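[1] model the structure of this input:
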Amino acid sequence: MKTQHLIPILFLAGFCTVSAQTNNTASDSAAPLPASAGQLTEAQIEAMVINAKIDGITFDRSLDRCLELIQSNNFPDWQTALRTLHKQRQKIVRSLIATLDGQFPVDVKQEAALALGIYWAPEAMGSLINNLALDDIDAGYPHGIVSDDEMADLSQPPVTTALIKIGWPAVPSLVECIATNDAPISTGKCVSIISVIEGHDIAKVRLEQAFNAESNPERKSRIQAALHKLEEVK
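    Okay, the predicted model is just below:
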């Protein structure tokens, strides 16, 4: 699996969707009803017609069609389009998490990490934190999923960049990583990320609150070490 294999999937990242039906024949009309359609209720038939408006559309037209339905005055169409976009986003995020956690080349895993940040995927926080070591590996850093302008702004490694993009939802998991990790490098990374997300002063208050609420001496010691590290990176 190569880096460019992720790019077609991620092209629609700003819209959080792709179509799962990449092999279907393009069609704006409803799919034929089954022979038993006469036994269906009117609402069920209407739902089948609405779903067919999206399901029959090929990859390169799926986004435009969903956006058309969202902008329509027909509430069932609007509701179905949003539901479809949400489901497709979930599928993509799950695929990216599997890529990040799987046995793939480093550059592909780094691309997946960046993409999870672009998708603002809090559900990927555990996998991202577990893969912080990817930040220490130079795999050429091609990052084909970002524009030239975005590339110019990238000053952080891929996993760190993703966690910063996710923002405040990642902070509790980062604090937990600090409390359970004895590796100074990982602690330093988590402290730096929290500081970028929330600012030094709020990060200090958050770590102090975690320290005061902690009863386990080992966890407490790790959080205290993180507080010292925070002052170093100020």
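
[2] and the spatially closest residue to T99 that is not a sequence neighbour, how far from N131?
    Nearest residue to T99, sequence neighbours excluded (CB to CB, 6 or more residues apart in numbering): A112, at 4.1 Å. (Glycine included, C-beta is placed from N, CA and C.) According to CB to CB, to the nearest Å, A112 stands 9 Å off from N131.

[3] same thing with S72?
    S72 sits 41 Å away from N131, taking CB to CB as the criterion.

[4] out of these two, which sits in the busier spot?
    Shown here are S72 and N131; by other CB atoms under 10 Å, N131 has more neighbours (19 against 12).

[5] quick one, what contacts the more buried one?
    N131 makes contacts with 100-101, 109, 113, 159, as judged by CB atoms under 8 Å, 6 or more residues apart in numbering.

[6] repeat the analysis, applying 10 Å as the threshold.
    By CB atoms under 10 Å, 6 or more residues apart in numbering, the residues touching N131 are 100-101, 109-110, 112-113, 124, 158-159, 162.

[7] then S173?
    122, 125-126, 128-129, 163, 166, 190.

[8] what ranges does this structure have for its helices?
    7-10, 42-55, 59-70, 75-101, 106-118, 125-130, 148-153, 158-166, 171-180, 184-198, 200-213, 217-232 (DSSP state H).

[9] hmm, G188 is touching E232, no?
    Yes - contact criterion CB atoms under 10 Å: G188 and E232 qualify, at 8.3 Å.

[10] among the two, which residue is more densely surrounded?
    Ranked by neighbour count (other CB under 10 Å), G188 and E232 place G188 first, with 17 against 9.

[11] I'd say the residue nearest to T99 and A162 touch.
    Yes - the pair A112 and A162 passes the contact test of CB under 10 Å, sitting 9.1 Å apart.

[12] what touches both of the two?
    Among the neighbours of A112, those also in contact with A162 (CB under 10 Å, 6+ apart) are 96, 100, 124, 127-128, 131.

[13] out of the helices of the chain, flag the one nearest D138.
    helix 106-118 (8.7 Å; CB to CB).

[14] pull the contacting residues for D182.
    D182 neighbours (CB under 10 Å, 6+ apart): 218, 221-222, 225.

[15] show me what contacts A98?
    By CB under 10 Å, 6+ apart, the neighbours of A98 are 104, 112, 127.

[16] against F104, how distant is it?
    Separation of A98 from F104 (CB to CB): 9 Å.

[17] okay, now the domains of this structure?
    3-121, 167-232 (automatic domain parsing).

[18] which of the ones you listed has the lowest mean pLDDT?
    Mean pLDDT per stretch puts domain 3-121 lowest among the domains of the chain, at a mean of 64.

[19] burial measure for L132, as a count.
    L132 - counted by other CB under 10 Å - has 22 other residues nearby.

[20] from what I see, it and P157 are in contact.
    Yes - here L132 lies in contact with P157, judged by CB under 10 Å, at a distance of 8.7 Å.

[21] find the residues that touch each one of those two.
    113, 189.

[22] next one: phi and psi at N74?
    phi -90, psi 110 (degrees, to the nearest 10).

[23] list the contacts of the closest residue to V171 other than its chain neighbours.
    With sequence-adjacent residues excluded and distances taken as CB to CB, 6+ apart, V171 is closest to I194, at 5.7 Å. By CB under 10 Å, 6+ apart, the residues touching I194 are 163-164, 168, 170-172, 174-175, 177-178, 200, 202-204, 206-207, 226, 230.
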